[in-house]
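Novice: Quick one: sequence plus predicted model below, questions after.
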Amino acid sequence: MKIKEIKVFVTNPGRNFVTVKVITEDGTYGLGDATVNGRELAVVTYLEEHVVPCLIGRDAHSIEDIWQYLYRGVYWRRGAITMASVAAIDMALWDIKGKVAGLPVYQLLGGKCRHGINLYAHANGVDIDDTLDKVQECIDQGFKAIRLQSAIPGLKETYGVLADKKDYFELQGTRPLPPEQEWSTAKYFKLVPELFKKARERFGDDIEFLHDVHSRLTPIESARLGKMLEPYNLLFLEDASMAENQGNYKIIRHHTSTPLAIGETYNTVWDCKDLIQNQLIDYIRVAATHAGGITALKKIASFADIYNVRTAPHGAPDLSPICFAAHMHLNISTTNFGIQEFVGFGNAQSQTIFKHGMRLENGMIMLEDAPGLGVDFDEKEAEKYEYKRSYLPVSRLEDGTLWHW
Ligand SMILES: O=NC(=O)[C@@H](O)[C@H](O)[C@H](O)CO
Ligand SMILES: [Co+2]
(Lines give C-alpha, C1' and ligand atoms only; values in the text may rest on other atoms or scores of the structure.)
(Ligands and ions follow the chains in the order given, each with its own letter.)
Protein backbone atom coordinates (compact mmCIF):
# COMPACT_ATOMS: atom_id res chain seq x y z
CA MET A 1 0.00 0.00 0.00
CA LYS A 2 2.22 2.79 -1.26
CA ILE A 3 2.20 6.37 0.05
CA LYS A 4 1.25 8.58 -2.91
CA GLU A 5 1.06 12.04 -1.32
CA ILE A 6 1.56 13.79 2.03
CA LYS A 7 -0.10 17.17 2.68
CA VAL A 8 0.64 19.48 5.61
CA PHE A 9 -1.96 22.03 6.78
CA VAL A 10 -1.70 24.93 9.23
CA THR A 11 -4.95 26.43 10.44
CA ASN A 12 -5.78 28.95 13.17
CA PRO A 13 -9.42 28.64 14.37
CA GLY A 14 -8.45 30.63 17.47
CA ARG A 15 -5.04 28.92 17.88
CA ASN A 16 -2.65 27.31 15.37
CA PHE A 17 -2.81 23.59 14.57
CA VAL A 18 -0.53 21.68 12.19
CA THR A 19 -2.19 18.66 10.57
CA VAL A 20 -0.61 15.98 8.37
CA LYS A 21 -2.57 13.96 5.81
CA VAL A 22 -0.91 10.84 4.38
CA ILE A 23 -2.66 9.59 1.22
CA THR A 24 -2.04 6.16 -0.26
CA GLU A 25 -2.27 5.15 -3.91
CA ASP A 26 -5.81 3.74 -3.45
CA GLY A 27 -7.02 6.99 -1.82
CA THR A 28 -7.07 5.76 1.78
CA TYR A 29 -5.74 8.57 3.99
CA GLY A 30 -4.62 8.97 7.58
CA LEU A 31 -4.31 12.05 9.79
CA GLY A 32 -1.67 13.13 12.32
CA ASP A 33 -1.17 16.12 14.63
CA ALA A 34 2.15 18.02 14.37
CA THR A 35 1.34 21.09 16.48
CA VAL A 36 4.21 22.67 18.42
CA ASN A 37 2.82 25.78 20.07
CA GLY A 38 4.70 28.90 18.95
CA ARG A 39 7.00 27.05 16.51
CA GLU A 40 4.41 25.64 14.10
CA LEU A 41 6.09 26.59 10.80
CA ALA A 42 9.37 24.97 11.87
CA VAL A 43 7.50 21.65 11.91
CA VAL A 44 5.80 22.39 8.59
CA THR A 45 9.17 22.99 6.92
CA TYR A 46 10.76 19.95 8.59
CA LEU A 47 7.95 17.81 7.22
CA GLU A 48 7.57 19.29 3.73
CA GLU A 49 11.26 19.82 2.98
CA HIS A 50 12.92 16.94 4.81
CA VAL A 51 10.42 14.15 5.54
CA VAL A 52 7.83 14.02 2.73
CA PRO A 53 10.30 13.43 -0.15
CA CYS A 54 11.70 10.33 1.62
CA LEU A 55 8.30 8.74 2.24
CA ILE A 56 6.60 8.93 -1.15
CA GLY A 57 6.42 5.39 -2.55
CA ARG A 58 7.06 3.66 0.80
CA ASP A 59 4.63 1.07 2.19
CA ALA A 60 2.13 2.80 4.52
CA HIS A 61 1.79 -0.48 6.44
CA SER A 62 5.44 -0.40 7.57
CA ILE A 63 4.78 1.75 10.64
CA GLU A 64 7.70 0.51 12.75
CA ASP A 65 10.19 0.70 9.88
CA ILE A 66 9.11 4.23 8.94
CA TRP A 67 9.31 5.29 12.60
CA GLN A 68 12.91 4.01 12.82
CA TYR A 69 13.72 5.49 9.41
CA LEU A 70 12.60 8.95 10.63
CA TYR A 71 14.23 8.58 14.05
CA ARG A 72 17.47 6.64 13.57
CA GLY A 73 17.71 7.69 9.95
CA VAL A 74 18.36 11.30 10.86
CA TYR A 75 21.65 12.18 12.53
CA TRP A 76 20.08 15.03 14.52
CA ARG A 77 17.75 13.00 16.69
CA ARG A 78 15.17 14.08 19.28
CA GLY A 79 13.80 17.56 19.99
CA ALA A 80 10.28 18.97 19.72
CA ILE A 81 10.36 19.75 15.99
CA THR A 82 11.82 16.41 14.88
CA MET A 83 9.63 14.30 17.14
CA ALA A 84 6.40 16.15 16.28
CA SER A 85 7.15 15.38 12.63
CA VAL A 86 7.80 11.70 13.37
CA ALA A 87 4.66 11.66 15.54
CA ALA A 88 2.32 13.09 12.93
CA ILE A 89 3.42 10.58 10.28
CA ASP A 90 3.13 7.78 12.85
CA MET A 91 -0.42 8.73 13.89
CA ALA A 92 -1.47 8.97 10.24
CA LEU A 93 -0.08 5.49 9.46
CA TRP A 94 -1.94 3.96 12.42
CA ASP A 95 -5.07 5.75 11.19
CA ILE A 96 -4.59 4.19 7.72
CA LYS A 97 -3.92 0.72 9.12
CA GLY A 98 -7.12 0.88 11.18
CA LYS A 99 -9.15 2.04 8.18
CA VAL A 100 -7.77 -0.76 5.99
CA ALA A 101 -8.47 -3.33 8.74
CA GLY A 102 -11.91 -1.81 9.39
CA LEU A 103 -11.00 -1.57 13.08
CA PRO A 104 -10.54 1.29 15.59
CA VAL A 105 -6.82 1.70 16.34
CA TYR A 106 -7.26 0.48 19.94
CA GLN A 107 -8.18 -2.96 18.56
CA LEU A 108 -4.78 -3.05 16.83
CA LEU A 109 -3.12 -2.09 20.14
CA GLY A 110 -4.58 -4.99 22.11
CA GLY A 111 -8.24 -4.09 22.57
CA LYS A 112 -10.08 -2.52 25.49
CA CYS A 113 -8.80 -2.80 29.08
CA ARG A 114 -11.66 -0.58 30.37
CA HIS A 115 -15.05 0.68 29.26
CA GLY A 116 -14.21 4.38 29.33
CA ILE A 117 -11.35 6.82 29.88
CA ASN A 118 -11.13 8.80 33.13
CA LEU A 119 -10.42 12.50 32.72
CA TYR A 120 -9.30 15.41 34.84
CA ALA A 121 -10.68 18.86 34.10
CA HIS A 122 -9.18 22.33 34.75
CA ALA A 123 -10.40 24.81 37.35
CA ASN A 124 -8.56 28.13 36.77
CA GLY A 125 -9.54 31.04 39.03
CA VAL A 126 -8.51 34.65 39.60
CA ASP A 127 -8.38 33.92 43.35
CA ILE A 128 -9.03 31.01 45.74
CA ASP A 129 -12.81 31.47 45.94
CA ASP A 130 -13.14 31.84 42.16
CA THR A 131 -11.06 28.69 41.67
CA LEU A 132 -13.27 26.76 44.11
CA ASP A 133 -16.37 27.98 42.27
CA LYS A 134 -14.79 26.64 39.06
CA VAL A 135 -14.21 23.31 40.87
CA GLN A 136 -17.93 23.19 41.66
CA GLU A 137 -18.70 23.79 37.95
CA CYS A 138 -16.45 20.84 37.02
CA ILE A 139 -18.15 18.63 39.62
CA ASP A 140 -21.55 19.67 38.23
CA GLN A 141 -20.34 18.56 34.79
CA GLY A 142 -19.55 15.12 36.21
CA PHE A 143 -15.74 15.31 36.55
CA LYS A 144 -14.24 13.23 39.36
CA ALA A 145 -10.73 14.71 39.11
CA ILE A 146 -9.89 18.40 38.83
CA ARG A 147 -6.68 20.41 38.43
CA LEU A 148 -6.72 23.60 40.49
CA GLN A 149 -4.74 26.68 39.37
CA SER A 150 -5.27 30.13 40.81
CA ALA A 151 -3.89 33.57 40.00
CA ILE A 152 -1.46 34.73 42.68
CA PRO A 153 -2.28 37.87 44.68
CA GLY A 154 0.22 40.60 43.86
CA LEU A 155 1.22 39.12 40.47
CA LYS A 156 -0.18 40.62 37.26
CA GLU A 157 -0.73 37.26 35.54
CA THR A 158 0.38 33.71 36.08
CA TYR A 159 0.15 30.29 34.44
CA GLY A 160 -3.36 29.29 33.49
CA VAL A 161 -5.13 32.46 34.57
CA LEU A 162 -5.08 36.05 33.34
CA ALA A 163 -6.00 38.91 35.66
CA ASP A 164 -8.94 39.86 33.42
CA LYS A 165 -10.63 36.55 34.30
CA LYS A 166 -9.85 35.14 30.85
CA ASP A 167 -8.07 31.82 30.91
CA TYR A 168 -4.93 32.26 28.78
CA PHE A 169 -5.94 29.24 26.72
CA GLU A 170 -8.61 31.32 25.02
CA LEU A 171 -6.11 33.93 23.88
CA GLN A 172 -3.51 31.51 22.59
CA GLY A 173 -3.96 32.22 18.89
CA THR A 174 -3.54 35.97 19.06
CA ARG A 175 -0.10 36.65 20.48
CA PRO A 176 2.21 38.23 17.87
CA LEU A 177 4.90 38.35 20.57
CA PRO A 178 5.33 36.37 23.81
CA PRO A 179 3.38 38.04 26.64
CA GLU A 180 5.54 38.53 29.74
CA GLN A 181 4.07 37.12 32.94
CA GLU A 182 5.39 37.67 36.49
CA TRP A 183 6.48 35.03 38.96
CA SER A 184 7.24 35.03 42.68
CA THR A 185 7.88 31.72 44.45
CA ALA A 186 7.30 33.39 47.82
CA LYS A 187 3.86 34.66 46.80
CA TYR A 188 3.08 31.28 45.20
CA PHE A 189 3.92 29.45 48.44
CA LYS A 190 1.50 31.70 50.35
CA LEU A 191 -1.30 30.68 48.02
CA VAL A 192 -1.10 27.01 47.07
CA PRO A 193 -1.30 25.24 50.47
CA GLU A 194 -4.17 27.59 51.40
CA LEU A 195 -5.93 26.82 48.09
CA PHE A 196 -5.92 23.07 48.75
CA LYS A 197 -6.78 23.45 52.44
CA LYS A 198 -9.87 25.43 51.46
CA ALA A 199 -10.67 23.02 48.64
CA ARG A 200 -10.66 20.00 50.97
CA GLU A 201 -12.73 21.91 53.54
CA ARG A 202 -15.34 22.76 50.91
CA PHE A 203 -15.40 19.55 48.83
CA GLY A 204 -14.20 16.80 51.19
CA ASP A 205 -11.97 13.86 50.29
CA ASP A 206 -13.84 12.01 47.55
CA ILE A 207 -12.86 14.29 44.67
CA GLU A 208 -9.35 13.96 43.16
CA PHE A 209 -7.30 17.17 43.11
CA LEU A 210 -4.22 17.86 41.00
CA HIS A 211 -1.91 20.84 40.58
CA ASP A 212 0.58 21.93 37.92
CA VAL A 213 3.70 23.76 39.16
CA HIS A 214 4.77 24.26 35.54
CA SER A 215 8.47 23.74 36.32
CA ARG A 216 8.85 26.87 38.41
CA LEU A 217 10.44 25.55 41.59
CA THR A 218 13.92 24.39 42.50
CA PRO A 219 14.02 20.78 43.73
CA ILE A 220 14.13 21.68 47.42
CA GLU A 221 11.25 24.14 46.95
CA SER A 222 9.27 21.36 45.21
CA ALA A 223 10.09 19.06 48.13
CA ARG A 224 8.78 21.67 50.55
CA LEU A 225 5.60 22.19 48.55
CA GLY A 226 5.07 18.43 48.22
CA LYS A 227 5.32 18.06 52.00
CA MET A 228 2.95 20.99 52.62
CA LEU A 229 0.38 19.40 50.29
CA GLU A 230 0.53 15.88 51.78
CA PRO A 231 -2.48 16.49 54.09
CA TYR A 232 -4.58 17.30 50.99
CA ASN A 233 -3.81 14.01 49.24
CA LEU A 234 -3.30 15.18 45.65
CA LEU A 235 -3.63 12.66 42.83
CA PHE A 236 -0.38 14.21 41.57
CA LEU A 237 1.75 17.35 41.59
CA GLU A 238 2.80 18.04 38.00
CA ASP A 239 6.05 19.49 36.64
CA ALA A 240 7.25 20.16 40.20
CA SER A 241 10.68 21.19 38.92
CA MET A 242 12.33 21.79 35.53
CA ALA A 243 12.22 18.72 33.34
CA GLU A 244 15.73 18.73 31.89
CA ASN A 245 17.47 17.55 35.07
CA GLN A 246 16.00 14.16 35.93
CA GLY A 247 18.26 14.21 39.01
CA ASN A 248 16.07 16.93 40.51
CA TYR A 249 13.51 14.29 41.29
CA LYS A 250 15.83 12.30 43.57
CA ILE A 251 15.78 15.29 45.91
CA ILE A 252 12.02 15.81 45.67
CA ARG A 253 11.21 12.10 46.01
CA HIS A 254 13.38 11.84 49.12
CA HIS A 255 11.25 14.38 50.99
CA THR A 256 7.63 13.87 50.03
CA SER A 257 5.03 11.19 49.37
CA THR A 258 2.93 13.53 47.20
CA PRO A 259 2.72 11.68 43.86
CA LEU A 260 4.75 13.30 41.07
CA ALA A 261 3.95 13.65 37.36
CA ILE A 262 6.07 14.99 34.51
CA GLY A 263 6.54 14.60 30.79
CA GLU A 264 4.52 17.03 28.66
CA THR A 265 7.71 18.65 27.36
CA TYR A 266 9.54 15.36 26.75
CA ASN A 267 10.19 14.08 23.25
CA THR A 268 11.55 10.55 23.76
CA VAL A 269 11.86 7.79 26.34
CA TRP A 270 15.47 8.97 26.90
CA ASP A 271 14.13 12.15 28.51
CA CYS A 272 12.34 10.12 31.20
CA LYS A 273 14.18 6.77 31.36
CA ASP A 274 15.96 7.49 34.66
CA LEU A 275 12.84 8.95 36.28
CA ILE A 276 10.86 5.83 35.39
CA GLN A 277 13.39 3.11 36.19
CA ASN A 278 14.31 4.72 39.54
CA GLN A 279 10.61 5.18 40.33
CA LEU A 280 11.15 8.91 40.95
CA ILE A 281 7.75 9.70 39.43
CA ASP A 282 4.27 8.19 39.55
CA TYR A 283 2.83 9.41 36.23
CA ILE A 284 4.45 9.98 32.84
CA ARG A 285 2.67 12.67 30.80
CA VAL A 286 4.22 12.43 27.35
CA ALA A 287 1.93 13.51 24.49
CA ALA A 288 1.62 11.57 21.22
CA THR A 289 2.34 14.71 19.18
CA HIS A 290 5.48 15.73 21.08
CA ALA A 291 7.01 12.33 21.92
CA GLY A 292 6.93 10.42 18.65
CA GLY A 293 3.35 9.26 18.17
CA ILE A 294 1.42 6.10 19.03
CA THR A 295 4.38 3.78 18.38
CA ALA A 296 6.58 5.67 20.86
CA LEU A 297 3.93 6.14 23.54
CA LYS A 298 3.07 2.44 23.48
CA LYS A 299 6.73 1.58 24.16
CA ILE A 300 7.08 4.22 26.91
CA ALA A 301 3.91 2.94 28.61
CA SER A 302 5.19 -0.66 28.55
CA PHE A 303 8.55 0.44 29.99
CA ALA A 304 6.76 2.52 32.67
CA ASP A 305 4.52 -0.42 33.62
CA ILE A 306 7.57 -2.38 34.85
CA TYR A 307 8.25 0.40 37.39
CA ASN A 308 4.71 1.11 38.67
CA VAL A 309 4.50 4.33 36.67
CA ARG A 310 1.15 5.11 35.07
CA THR A 311 0.41 7.28 32.04
CA ALA A 312 -1.38 10.61 32.30
CA PRO A 313 -1.09 11.99 28.76
CA HIS A 314 -0.89 15.73 28.26
CA GLY A 315 -4.22 17.03 26.99
CA ALA A 316 -3.75 20.75 26.55
CA PRO A 317 -5.66 22.74 23.93
CA ASP A 318 -2.49 23.06 21.87
CA LEU A 319 -2.92 19.40 20.92
CA SER A 320 -5.49 18.88 18.19
CA PRO A 321 -8.41 16.44 18.43
CA ILE A 322 -6.32 14.05 16.28
CA CYS A 323 -3.70 13.81 19.07
CA PHE A 324 -6.47 13.58 21.64
CA ALA A 325 -8.03 10.70 19.70
CA ALA A 326 -4.63 8.95 19.52
CA HIS A 327 -4.47 9.26 23.32
CA MET A 328 -7.95 7.76 23.63
CA HIS A 329 -6.93 4.68 21.63
CA LEU A 330 -3.77 4.34 23.72
CA ASN A 331 -5.54 5.02 27.05
CA ILE A 332 -8.31 2.48 26.53
CA SER A 333 -5.84 -0.28 25.55
CA THR A 334 -3.01 0.38 28.06
CA THR A 335 -3.21 -1.43 31.42
CA ASN A 336 -1.13 1.20 33.27
CA PHE A 337 -3.16 4.15 31.99
CA GLY A 338 -3.79 6.53 34.88
CA ILE A 339 -5.81 9.57 33.84
CA GLN A 340 -6.21 11.91 30.86
CA GLU A 341 -6.03 15.73 30.98
CA PHE A 342 -9.09 17.23 29.25
CA VAL A 343 -9.75 20.87 28.40
CA GLY A 344 -12.62 20.33 25.96
CA PHE A 345 -12.73 19.53 22.25
CA GLY A 346 -11.77 23.07 21.19
CA ASN A 347 -13.88 26.08 20.20
CA ALA A 348 -16.80 26.04 17.73
CA GLN A 349 -14.59 26.92 14.74
CA SER A 350 -12.11 24.10 15.39
CA GLN A 351 -15.00 21.68 15.76
CA THR A 352 -16.02 22.46 12.16
CA ILE A 353 -12.52 21.44 11.06
CA PHE A 354 -11.84 18.37 13.25
CA LYS A 355 -14.84 16.05 13.18
CA HIS A 356 -15.05 13.02 15.53
CA GLY A 357 -17.43 10.92 17.55
CA MET A 358 -15.66 11.01 20.95
CA ARG A 359 -18.27 11.55 23.64
CA LEU A 360 -17.88 13.09 27.10
CA GLU A 361 -19.98 11.14 29.57
CA ASN A 362 -19.85 11.75 33.32
CA GLY A 363 -16.21 12.77 33.43
CA MET A 364 -15.13 10.02 31.03
CA ILE A 365 -14.58 9.73 27.29
CA MET A 366 -16.47 6.95 25.57
CA LEU A 367 -14.90 5.88 22.27
CA GLU A 368 -17.06 4.89 19.31
CA ASP A 369 -15.92 2.11 16.99
CA ALA A 370 -15.04 4.11 13.85
CA PRO A 371 -12.13 2.54 11.95
CA GLY A 372 -8.72 4.16 12.44
CA LEU A 373 -8.44 7.10 14.85
CA GLY A 374 -12.03 8.19 14.19
CA VAL A 375 -11.29 11.86 13.41
CA ASP A 376 -11.78 13.64 10.09
CA PHE A 377 -10.26 16.92 8.87
CA ASP A 378 -12.27 19.35 6.73
CA GLU A 379 -9.71 21.01 4.41
CA LYS A 380 -12.22 23.58 3.12
CA GLU A 381 -13.13 24.68 6.65
CA ALA A 382 -9.46 24.74 7.63
CA GLU A 383 -8.65 27.10 4.74
CA LYS A 384 -10.92 29.73 6.29
CA TYR A 385 -8.56 30.18 9.25
CA GLU A 386 -5.15 31.46 8.13
CA TYR A 387 -2.03 30.72 10.16
CA LYS A 388 -1.16 33.64 12.44
CA ARG A 389 2.15 33.70 14.27
CA SER A 390 1.44 33.31 17.97
CA TYR A 391 3.54 32.57 21.04
CA LEU A 392 3.28 31.06 24.49
CA PRO A 393 3.97 33.51 27.34
CA VAL A 394 7.36 33.91 29.04
CA SER A 395 7.84 34.38 32.78
CA ARG A 396 10.03 36.80 34.71
CA LEU A 397 10.74 37.14 38.41
CA GLU A 398 9.78 40.47 39.95
CA ASP A 399 13.38 41.68 39.52
CA GLY A 400 13.17 40.93 35.79
CA THR A 401 15.09 37.62 35.77
CA LEU A 402 13.80 35.39 32.98
CA TRP A 403 12.27 32.37 34.69
CA HIS A 404 10.54 29.07 33.77
CA TRP A 405 7.09 29.74 32.35
O1 LIG B 1 -0.61 20.41 31.92
N2 LIG B 1 -0.89 21.16 30.99
C3 LIG B 1 -0.13 22.19 30.66
O4 LIG B 1 0.86 22.49 31.32
C5 LIG B 1 -0.51 22.96 29.45
O6 LIG B 1 -1.58 23.76 29.72
C7 LIG B 1 0.63 23.76 28.89
O8 LIG B 1 0.78 24.95 29.62
C9 LIG B 1 0.32 24.08 27.44
O10 LIG B 1 0.17 22.89 26.76
C11 LIG B 1 1.45 24.84 26.78
O12 LIG B 1 1.10 25.04 25.43
CO1 LIG C 1 1.38 20.90 32.58
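Specialist: Okay, I see it. Numbering: from 1, shown residues only. Ligands and ions are numbered 1, 2, ... in the order given.

Novice: Where does the closest residue to ligand 1 within the stretch 1-150 of the chain fall, secondary structure wise?
Specialist: Nearest to ligand 1 in the stretch 1-150 of the chain, going by CB to the nearest ligand atom, is N37, at a distance of 4.2 Å. For every residue, glycine as well, the C-beta is placed using N, CA and C. Counting by DSSP states H and E, no helix or strand carries N37.

Novice: quick check: domain ranges of the protein?
Specialist: 3-103, 108-372 (automatic domain parsing).

Novice: And the first one, how far out from the chain middle?
Specialist: The offset between the C-alpha centroid of domain 3-103 and the centroid of the whole chain comes to 18 Å, using CA atoms, centre = their mean, to the nearest Å.

Novice: would you list every one of the helices in this structure?
Specialist: With DSSP state H as the criterion, the chain has helices at 40-45, 52-55, 63-71, 80-101, 105-108, 128-140, 185-203, 219-229, 248-255, 273-277, 293-306, 321-333, 348-353, 379-383.

Novice: What pLDDT does the model give the residue nearest to G338 when sequence neighbours are not counted?
Specialist: Using CB to CB, 6 or more residues apart in numbering and skipping the chain neighbours, the partner closest in space to G338 is R310 (3.3 Å). pLDDT for R310: 98.

Novice: Any residues of the stretch 151-300 of the chain in contact with ligand 1? List them.
Specialist: D212, H214, E238, E264 (CB under 6 Å from any ligand atom).

Novice: can stretch 198-215 be found next to ligand 2?
Specialist: Yes - Stretch 198-215 is in contact with ligand 2 by CB under 5 Å from the ion, via D212.

Novice: can you give me the mean pLDDT across that stretch?
Specialist: 98.

Novice: and what of stretch 258-274?
Specialist: Per-residue scores along stretch 258-274 average to 98.

Novice: What residues sit buried inside that stretch?
Specialist: 258-269, 271-272 (16 or more other CB atoms under 10 Å).

Novice: Without its sequence neighbours, what residue ends up closest to the closest residue to ligand 2 within the chain?
Specialist: Nearest to ligand 2, among the residues of the chain, is D212, at 4.3 Å (CB to the ion). With CB to CB, 6+ apart as the criterion, D212 has its nearest non-adjacent residue at 4.3 Å, and that residue is E238.

Novice: Next: Y188.
Specialist: Closest to Y188 by CB to CB, 6+ apart is I152, at 5.6 Å.

Novice: And for that neighbour, the neighbour number?
Specialist: 23 (other CB atoms under 10 Å).

Novice: From ligand 1, how far off is it?
Specialist: 16 Å (CB to the nearest ligand atom, to the nearest Å).

Novice: got the contact list for the residue positioned nearest the centre of the chain?
Specialist: Nearest to the centroid of the C-alpha atoms of the chain, with distances taken as CA atoms, centre = their mean, sits H314, at 2.3 Å. H314 is in contact with G263, E264, R285, V286, A287, H290, E341, counting by CB atoms under 8 Å, 6 or more residues apart in numbering.

Novice: Out of the helices of the chain, flag the one nearest P13.
Specialist: helix 348-353 (3.5 Å; CB to CB).

Novice: Same question for that closest one: list its buried residues.
Specialist: Per 16+ other CB under 10 Å, helix 348-353 contains these buried residues: Q349, S350, T352, I353.

Novice: Next: stretch 13-33.
Specialist: In stretch 13-33, counting by 16+ other CB under 10 Å, buried: 13-24, 28-33.

Novice: Smallest gap between the protein and ligand 1, at which residue?
Specialist: Closest point on the chain to ligand 1, by CB to the nearest ligand atom, is A316, at 2.9 Å.

Novice: Wait, that residue touches V343, no?
Specialist: Yes - counting by CB atoms under 8 Å, V343 is a contact partner of A316 at 6.3 Å.

Novice: And these two? Which one has more around it.
Specialist: When neighbours are counted by other CB under 10 Å, V343 comes out ahead of the other of A316 and V343, with 19 against 16.

Novice: show me what contacts the more buried one?
Specialist: By CB under 8 Å, 6+ apart, the neighbours of V343 are A121, H122, F169, G315, A316, P317.

Novice: quick one, phi/psi of the last one?
Specialist: If I follow you right, that is P317. Dihedral pair for P317: phi -70, psi -10, per degrees, to the nearest 10.

Novice: My understanding was that it contacts R15; is that so?
Specialist: Yes - counting by CB under 8 Å, P317 does reach R15; the two are 6.6 Å apart.

Novice: separation between the closest residue to K21 other than its chain neighbours and N248?
Specialist: Closest residue to K21 apart from its sequence neighbours, by CB to CB, 6+ apart: K7 at 4.5 Å. The spacing between K7 and N248, counted by CB to CB, to the nearest Å, is 41 Å.

Novice: So for those two, which sits in the more crowded spot?
Specialist: Neighbour count, other CB under 10 Å: between K7 and N248, N248 has more, with 23 against 15.

Novice: and the lowest-mean-pLDDT helix or strand in the chain, which strands flank it?
Specialist: The weakest-scoring helix or strand in the chain, judged by mean pLDDT, DSSP states H and E, is strand 180-183 (a mean of 90). Using DSSP bridges, the strands paired with strand 180-183 are strand 394-397 (parallel).

Novice: in the partner strand, what counts as buried?
Specialist: So for strand 394-397, counting by 16+ other CB under 10 Å, buried means S395.

Novice: That one near ligand 1 anywhere?
Specialist: No - judged by CB under 6 Å from any ligand atom, strand 394-397 makes no contact with ligand 1; its nearest approach is 11.3 Å.

Novice: What residues does the stretch 301-405 of the chain have near ligand 1?
Specialist: H314, A316, D318, E341, L392.

Novice: Mind picking the one among these that's closest to W67?
Specialist: H314 (20.0 Å).

Novice: how much space between that closest one and Y29?
Specialist: 26 Å.

Novice: Correct me if wrong: H290 contacts A87.
Specialist: Yes - H290 is within contact range of A87, at 6.9 Å (criterion: CB under 8 Å).
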